[in-house]
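Q: below is the sequence, then the predicted model.
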Amino acid sequence: MAETADFPGLSSSVSGLREWGDRLRRSSEFIVIPVLALFVSGILFSVFLLALGKSPADFFSLVWRGGFGTSFSWQNTLVRSAPLILTALCVAIPARLGLVIIGGEGALVLGGFGAAAIAIPMVPWAPTPVLLGVMALASIVCGGIWIGLVGALRHYRGVNETISSLLLFYIAVSILNFFVEGALRDPSDPNKPSTMPIGRDNMIGMIPGTDVHWGLVVGIVLCVLLYLLMNRTTFGFAARITGGNLRAAQAQGLPVGRLMLVSCAIAGACAGLAGFLEVAAIHGKANASLIAGYGFTGILVSFLARHNPLVIVPVAVFLGGIAASGGLVQRRMDLPDATVLVLQGLIFLVILVSETFYGRLPFYRSKGEIS
């Protein structure tokens, strides 16, 4: 440093470069650790396959081919990614306040049911844009109220949000079953209880040149908007302060209760919108097919993305591809379709364990922090 003592500008530049390098090294931790977690998950799952007498190389080759190997595979993957993006946002937004919401599947189910139910009296006379707009609004309101209730229970009554959101999922499923097997059941479909169909002419169309519906675009746009909300606004700053230290946020006079309610309502609205897309773009009606596990896989997507809305998109595509390959794995390897769920479960478990390594690996700590 003696050589730079006579050059204050050079000294400050060197110090700035070192500080920038230190920040870059620290931020790389959030990429390296999840990648290593995926690698460990792959090793553990390979051991599982070997115990079954199956080839791990064949399995991962089929996963690649079934999820990403062809144009058809890609489109199937992207269709599955759309609801994963929206349900992952249902986890990621409240997570900024330190809330762990795992009941996004309930908001999806109720949002899809609400969209289908409100469409029944409107189908005969409403123009398609009006019908879809009302359906989308109904799903957003249903999902927002449902997860907003979780935030209210946490703030006003101190009820654990993880437990309450999970229990509300079961209530949402019961509401769906009660109506589709009763008052709103379509009598023309005796095999599978469903609501009346909205009609093919009222379905959401596909992105030109693809078999992927517009829900994927909606999910990507929402990820960008919510990233800006949570990272570039005073609301997002207050939410991060609340998530970092609740008592400090209360001491500073931040409206913690309102932050919780609004964040949970936004989260539920995203999951409810996923239910609308499943009805308006895939099924055309509400039935038990809405309970497809997207809400629970969205938990894994959000944790793997570190609750970053922008990172949610590629992670959702990755896990959507794994899910899309299940049928091919079943046919070629004589394994259950649920085998990919075992892989997803292992990934989730290892990701949770990897959380304990953040800030503890010597390479990612400054020299002053290493004892």
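A: Looks like it came in fine.
Q: mind listing what residue 192 touches?
A: Applying CB atoms under 8 Å, 6 or more residues apart in numbering to residue 192 gives the contacts 287-288. For glycine as for every other residue, the C-beta is placed from the backbone atoms N, C-alpha and C.
Q: any idea how far it lies from residue 284?
A: 13 Å (CB to CB, to the nearest Å).
Q: residue 317 too?
A: 25 Å.
Q: then residue 358?
A: Residue 358 is 44 Å from residue 284, by CB to CB.
Q: these two: which has the busier surroundings?
A: Shown here are residue 358 and residue 284; by other CB atoms under 10 Å, residue 284 has more neighbours (20 against 13).
Q: can you get me a residue count around the closest residue in space to the more buried one that isn't next to it in sequence?
A: Leaving aside its sequence neighbours, residue 284 sits nearest to residue 197 (CB to CB, 6 or more residues apart in numbering; 4.8 Å). Counted with other CB under 10 Å, residues neighbouring residue 197 total 20.
Q: looking at it, residue 197 is touching residue 203, isn't it?
A: No. Judged on CB atoms under 8 Å, residue 197 makes no contact with residue 203 at a distance of 9.4 Å.
Q: and stretch 169-183, C-alpha only, in CSV?
A: What follows is stretch 169-183, C-alpha atoms only, in CSV (Å, rounded to 0.1, in the frame of the first residue of the first chain):
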residue,chain,number,x,y,z
PHE,A,169,-56.2,-25.8,1.4
TYR,A,170,-58.3,-28.7,2.7
ILE,A,171,-61.3,-26.4,3.3
ALA,A,172,-60.9,-25.1,-0.3
VAL,A,173,-61.0,-28.6,-1.7
SER,A,174,-64.1,-29.4,0.4
ILE,A,175,-65.8,-26.3,-1.0
LEU,A,176,-65.0,-27.3,-4.5
ASN,A,177,-66.2,-30.9,-4.0
PHE,A,178,-69.4,-29.7,-2.3
PHE,A,179,-70.5,-27.6,-5.2
VAL,A,180,-69.3,-29.6,-8.2
GLU,A,181,-70.9,-32.7,-6.7
GLY,A,182,-74.1,-30.8,-5.8
ALA,A,183,-75.7,-27.6,-6.9
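Q: from the chain's centroid, how far away is that stretch?
A: 24 Å (CA atoms, centre = their mean, to the nearest Å).
Q: and the contacts of that stretch?
A: Taking contacts as CB under 8 Å, 6+ apart, the residues outside stretch 169-183 that touch it are 103, 105-107, 109-110, 113, 117, 146, 185, 193-195, 286-288, 290-291, 295.
Q: narrow the residues you listed to those in strands?
A: Among the contacts of stretch 169-183, none falls in strands (DSSP state E).
Q: would you mind checking the residues you listed for buried ones?
A: By neighbour count, with 16 or more other CB atoms under 10 Å, these hold 103, 105-107, 109-110, 113, 117, 146, 185, 193-195, 286-287, 290-291, 295 as buried.
Q: picking up where we left off before, list the contacts for the residue nearest to residue 284?
A: Counted by CB under 8 Å, 6+ apart, residue 197 has contacts 186, 284-285.
Q: and these, which is closest to residue 327?
A: residue 284 (21.6 Å; CB to CB).
Q: isn't that closest one right up against residue 201?
A: No. The pair residue 284 / residue 201 is not scored as a contact, 10.4 Å apart, by CB under 8 Å.
Q: could you dump stretch 61-81 to CSV, C-alpha only?
A: Extracted C-alpha coordinates of stretch 61-81, given in CSV (Å, rounded to 0.1, in the frame of the first residue of the first chain):
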residue,chain,number,x,y,z
SER,A,61,-31.6,-38.9,-20.3
LEU,A,62,-35.4,-39.5,-20.5
VAL,A,63,-36.0,-36.5,-18.2
TRP,A,64,-34.0,-34.3,-20.6
ARG,A,65,-35.8,-35.7,-23.7
GLY,A,66,-39.3,-35.6,-22.1
GLY,A,67,-38.8,-32.0,-20.8
PHE,A,68,-36.5,-30.2,-23.2
GLY,A,69,-35.4,-32.5,-26.0
THR,A,70,-38.0,-31.6,-28.6
SER,A,71,-40.2,-28.8,-29.6
PHE,A,72,-43.2,-30.7,-28.3
SER,A,73,-41.4,-31.3,-25.0
TRP,A,74,-40.6,-27.7,-24.6
GLN,A,75,-44.2,-26.6,-25.2
ASN,A,76,-45.5,-29.2,-22.7
THR,A,77,-42.9,-27.9,-20.2
LEU,A,78,-43.9,-24.3,-20.7
VAL,A,79,-47.6,-25.1,-20.3
ARG,A,80,-46.8,-26.7,-16.9
SER,A,81,-44.5,-23.7,-16.0
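Q: give me the distance from it to the chain's centre.
A: With CA atoms, centre = their mean, you get 19 Å for stretch 61-81.
Q: who's in contact with it?
A: Residues outside stretch 61-81 that contact it (CB under 8 Å, 6+ apart): 210-213, 216, 219, 282, 313, 316-317, 319-329, 332-333, 340.
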